[in-house]
Structure formats: C-alpha cells, structure tokens
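Trainee: got a structure for you, letters missing:
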C-alpha cells in the first residue's frame, strides 16, 4: 500500500512516497480502517519539517478518517462500514490528562495516518459524526477537539459569553463556529482585511486587524465597554499573551494552545495575577471528550470549514500552503 515516510534530516523535500506492506487483518480488540483523509496541523508541520525530530521512516499525520473494513475478535463498538476518526492521544481514554509528551501520538511517537490502511486498537478511534465526509471528519482529531476542550470542557462556555479568537487557522475557526452555535459573541483578530471580512460573514461580531491595531487588547476592552472577554483562545504564545491578558476580563479564562510566536518568552505575571485570570495550558483532549464533541457537532449541525484539499502524494505542497499562511480553516489530504 502507499504511504508517506519522513527521511532524515526531515524537511518537506525529504518526504518520501513509498510502497509498504499491507498491515493485514485485525487481531483481538483491533479494527482495520481504510483511510480516506487526513488534515494538517501545526504539530504535523513541526514533525515533517524536522523541528520536532522523530524516528527515521516515521509515517506522519496525527489526523485520520476513514471506514472500518474489518473488526477483530471481541470488538463490539464498531462494525464493518462505520465511518471513524482517529484520536490524538490513544492512551488517554477519560479523566484528567495523563500525558505530557507525544510519545504515543500518531504521526510523532508512533506511525500516523499518511497511508492507505491502518490496523489499530479500538481505543485509537471514535465514530465520526453522521453525515460527515471523511475530509470533514479528519479535521476533528486535533483542531476541532482542541477548540472544544478550550471553550466547553475547560472554559465552561455558555450563551451570552464573549470569546476572543486569534487568526484564522483550524483551531480558531472551529472556536468561532462553536462559540456562535452555543450563543456566544465573538471578537476575532487577523492581519488580513479579506479574512476579517470572511469572519464577519460567519457571524463574528467585531474584528480587529492586529497589524494596524497592535494594541488590540485595549481595543477589545473598548468593544466590551471595559469589561473584557470571558474566554481567549490563545494560539500565538509569548508574543500575543500580554495582549490577551489585557483583553480578558477579571476572572476570565485564557486557553494557551499554540506557540506560533515562540516556545518561550516573558509573561506579565503581575497583570495575570491582578486580574485573577485562569491561564490553562492544553494539548487536544481525551477520547471521551472527542465522543462528546462528535455528539455536539451532530446536534448543532456545524460543518468544518475546509480551505483546500490535496492528494496524498502532494503532501509537501499541502504543507507549503500551510507555511504561506494563506489558508482560512483546515487543509486536507485526500487519501
């Protein structure tokens, strides 16, 4: 079967399209999945670019969606023909986070889903939302679940809240969709006026161009009559966190999700303390959270916003598109 492998030292020019052996039939407690789609995330880019080194010959991509072709002995949760989607942390079933690394994450510590078939334990997948295409389902594993955990699981989002999102990547767009569907008001930032216009078309109440308004935290305060937002979906890291603290209300919730501006930097701890805010670092979520998220998508009717699709053997071009920052929503690989 066809697969993508990473060759050392990494980098988009070192992604190899290869033929590997079919994994065969599932054993007890396993399912065989015909993979049909994956989607790109910043974490995947870190792996394929060599910035987050992994084993030579690793199959990348943490997100995988497809159809069950066979089930092993004792499997009752899935049947042949079920549409399924992968889990980012297969070892995290429920409860508080038990992991602090990516040693068990597909596409990083173990082989991922840039291939045609996977045989994995039942716990590595959940059912996909009814009516979703494989491409849509593939966007849920990382970006979708991260937004769900940030706002709903950790943030306790409720109707009438105000949410601030940064940029127009996968997590941020999912956060916009979830917040609006659940009756919250959204303020969003971007450096592109065209993208800000698209956000307003989606139902975002206020938009801010952070290049023309670098002091956007104060602007958010003004837009909320000095109160600040209830939730910040913080994907930038140290370069944007000071403004997010300013934008967030006293006692508000900041989900620290990304490090797009760097892995470390100064944090205005005095301001965070004085405003009694909750700064929550998080990485994706558990299998139980994903199952709850899938049910919520079926009830709300939210459909992922897919920017562009690429064939599996165009994976390097797909990541170059991600590098450009031109995308709005998710970039998908069709397998």
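Mentor: On my side now, so go ahead. Note that the coordinates shown come from a computational prediction; the quantities given were computed from them, not determined experimentally. Numbers count the residues shown, from 1 in each chain.
Trainee: contacts and neighbour counts: CA atoms only from here.
Mentor: Noted.
Trainee: in the sheet, who's paired with residue 164?
Mentor: residue 187, residue 232 (DSSP bridges).
Trainee: And for it, the neighbour number?
Mentor: Counted with other C-alpha atoms under 10 Å, residues neighbouring residue 164 total 28.
Trainee: so it makes contact with residue 235?
Mentor: No - under the criterion of C-alpha atoms under 8 Å, residue 164 lies out of contact with residue 235, with a separation of 10.9 Å.
Trainee: now residue 23, nearest residue through space, not along the chain?
Mentor: Nearest-residue entry for residue 23: residue 119, 6.4 Å, with adjacent residues in sequence omitted and distances by C-alpha to C-alpha, 6 or more residues apart in numbering.
Trainee: Does the one you found touch residue 35 like I think?
Mentor: No - using C-alpha under 8 Å, residue 119 is not in contact with residue 35; the gap is 10.2 Å.
Trainee: out of the two, which sits in the busier spot?
Mentor: More neighbours surround residue 35 than the other of residue 119 and residue 35, with 25 against 22 (other C-alpha under 10 Å).
Trainee: give me the beta-bridge partners of that one?
Mentor: With DSSP bridges as the criterion, residue 35 is bridged to residue 66.
Trainee: what pLDDT does it get?
Mentor: Listed pLDDT for residue 35 reads 98.
Trainee: related to what we said a few turns ago, can you list the buried residues in the helix or strand hosting the residue nearest to residue 23?
Mentor: Element membership for residue 119 (DSSP states H and E) is strand 117-121. Of all the residues in strand 117-121, those buried under the rule 16 or more other C-alpha atoms under 10 Å are 117, 118, 119, 120, 121.
Trainee: Any idea which helix or strand in this structure has the lowest mean pLDDT?
Mentor: The weakest-scoring helix or strand in the chain, judged by mean pLDDT, DSSP states H and E, is helix 269-274 (a mean of 92).
Trainee: Which is the succeeding secondary structure element to that helix?
Mentor: Towards the C-terminus, the helix or strand next in line after helix 269-274, according to DSSP H and E, is strand 278-281.
Trainee: Pull the distance from the very next helix or strand once past that following strand to the chain's centre.
Mentor: Using DSSP H and E, the helix or strand that directly follows strand 278-281 along the chain is helix 287-300. Computed by C-alpha atoms, centre = their mean, to the nearest Å, the separation of helix 287-300 from the middle of its chain amounts to 14 Å.
Trainee: Show me the contact partners of whichever helix or strand comes after helix 287-300.
Mentor: Per DSSP H and E, the first helix or strand lying C-terminal to helix 287-300 is strand 306-311. Residues outside strand 306-311 that contact it (C-alpha atoms under 8 Å, 6 or more residues apart in numbering): 136, 317, 318, 327, 328, 329, 330, 331, 332, 333, 334, 335.
Trainee: Which one of those residues sits in the busiest neighbourhood?
Mentor: residue 330 (28 neighbours).
Trainee: Next, give phi and psi for that residue.
Mentor: Dihedral pair for residue 330: phi -100, psi 150, per degrees, to the nearest 10.
Trainee: how about the residue sitting nearest the centre point of the chain, secondary structure?
Mentor: In the chain, the centroid-proximal residue (C-alpha atoms, centre = their mean) is residue 143; its distance is 1.3 Å. At residue 143 the chain is in helix, as set by DSSP: H, G, I helix; E, B strand; the rest coil.
Trainee: Okay, helices next: where are they in this structure?
Mentor: For the chain, applying DSSP state H gives helices covering 42-48, 134-137, 145-148, 170-181, 193-202, 216-223, 241-247, 269-274, 287-300, 315-324.
Trainee: what sits up against the first one?
Mentor: The contact list for helix 42-48, computed with C-alpha under 8 Å, 6+ apart, reads 6, 10-12, 15, 52-54, 60-62, 107-108, 319.
Trainee: and of those residues, the nearest to residue 182?
Mentor: residue 62 (27.7 Å; C-alpha to C-alpha).
Trainee: so what's that closest one up against?
Mentor: Residue 62 neighbours (C-alpha under 8 Å, 6+ apart): 38, 44, 86-88, 105-108, 112-113, 141-142.
Trainee: which one of these sits closest to residue 296?
Mentor: Out of these, the member with the shortest distance to residue 296 (by C-alpha to C-alpha) is residue 141, at 14.4 Å.
Trainee: Just give the number of residues close to the closest one.
Mentor: By the criterion of other C-alpha under 10 Å, residue 141 has 27 neighbours.
Trainee: mean confidence score for stretch 302-310?
Mentor: Mean pLDDT, computed over stretch 302-310, is 97.
Trainee: ok now it, how far from the chain's centre?
Mentor: Distance of stretch 302-310 from the chain centroid (C-alpha atoms, centre = their mean) equals 13 Å.
Trainee: tell me which residues in it are buried?
Mentor: Neighbour-count burial for stretch 302-310 flags 303, 304, 305, 306, 309, 310 (criterion: 16+ other C-alpha under 10 Å).
Trainee: Among the residues you listed, which one sits closest to residue 220?
Mentor: Minimum distance to residue 220 across the buried residues of stretch 302-310 is 25.5 Å, recorded for residue 305 (C-alpha to C-alpha).
Trainee: Sweet, I'm off.
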